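# Prediction below, plus the sequence it came from.
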Amino acid sequence: MKYAVVKGAMAVAVTTMLSACGGKNLIESDMSRTVAASPASPWLTLENKGDHVVAVGGLSGPSKVEVSPDIPSAVEAVLRTSLQPKYFTDLIIGCRGLQQATAVHTPEGQTSVMTMDLTVNCRIVARGVVVSKSYHVSQTAPVETDPPRLDAMVPKLITGASTQLADQVWADVVATGVRR
């Protein structure tokens, strides 16, 4: 009986030590304030909620950043913040199929940069005129690789790429010829 208790205690101790030595492989990044501060805009939606993890390639080891609440909610919040002041009646923007790829690159003789590519399909209905289009945006920022501050870099890249996306979507709204 005593042997079983000691054996169980050892198993717990080993598990605890292993988890303390890198068992957590996700870096947390909180964008909940960005989401909470965005306006409520039922005319603008981004489906596919739930993707939380940004896998960052190009580093010496596998690096994953868990975005809270989730990546599509963060992108949608920036889109809403950027486009809400431009809204007019009978404008509906619905996006889905958001995909992202993130990697660190070191161009020859230069500092390392982190690049995030976002791709999404959007349908714009502006007073009856319909435009469906796939968008691709890319945001790059310099990054220190030892150690990289991925918890700060990923939100910066999401915000920058989402702002570019908002500009492209608005350009297509304007291209419909519908006036505010």
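That came through, no problem.
# which residues sit in contact with Pro155?
By C-beta atoms under 8 Å, 6 or more residues apart in numbering, the contact set of Pro155 is 29-31, 34, 67, 74. Using the backbone N, CA and C atoms, a C-beta is placed for each residue, glycine as well.
# Mind checking which of those residues are buried?
By neighbour count, with 16 or more other C-beta atoms under 10 Å, those hold 29, 31, 34, 67, 74 as buried.
# Relative to Val154, which of the contacts of Pro155 is nearest.
Among the contacts of Pro155, Ser29 lies closest to Val154 (C-beta to C-beta), at 5.0 Å.
# The nearest residue to Asn25 once chain neighbours are set aside is in what secondary structure piece?
Nearest residue to Asn25, sequence neighbours excluded (C-beta to C-beta, 6 or more residues apart in numbering): Lys64, at 6.2 Å. Counting by DSSP states H and E, the element that carries Lys64 is strand 63-68.
# Quick one: the helices in this structure, in order.
Along the chain, the segments classed as helices by DSSP state H run 2-20, 32-37, 71-83, 150-175.
# who's in contact with the residue nearest to the spatial centre of the chain?
Note on the chain: the residue nearest the mean C-alpha position is Ile71, at 3.8 Å, using C-alpha atoms, centre = their mean. By C-beta under 8 Å, 6+ apart, the contact list for Ile71 reads 51-52, 54, 98, 100, 158.
# before we move on, what about Cys122?
Cys122 makes contact with 93-95, 132-135, 169, according to C-beta under 8 Å, 6+ apart.
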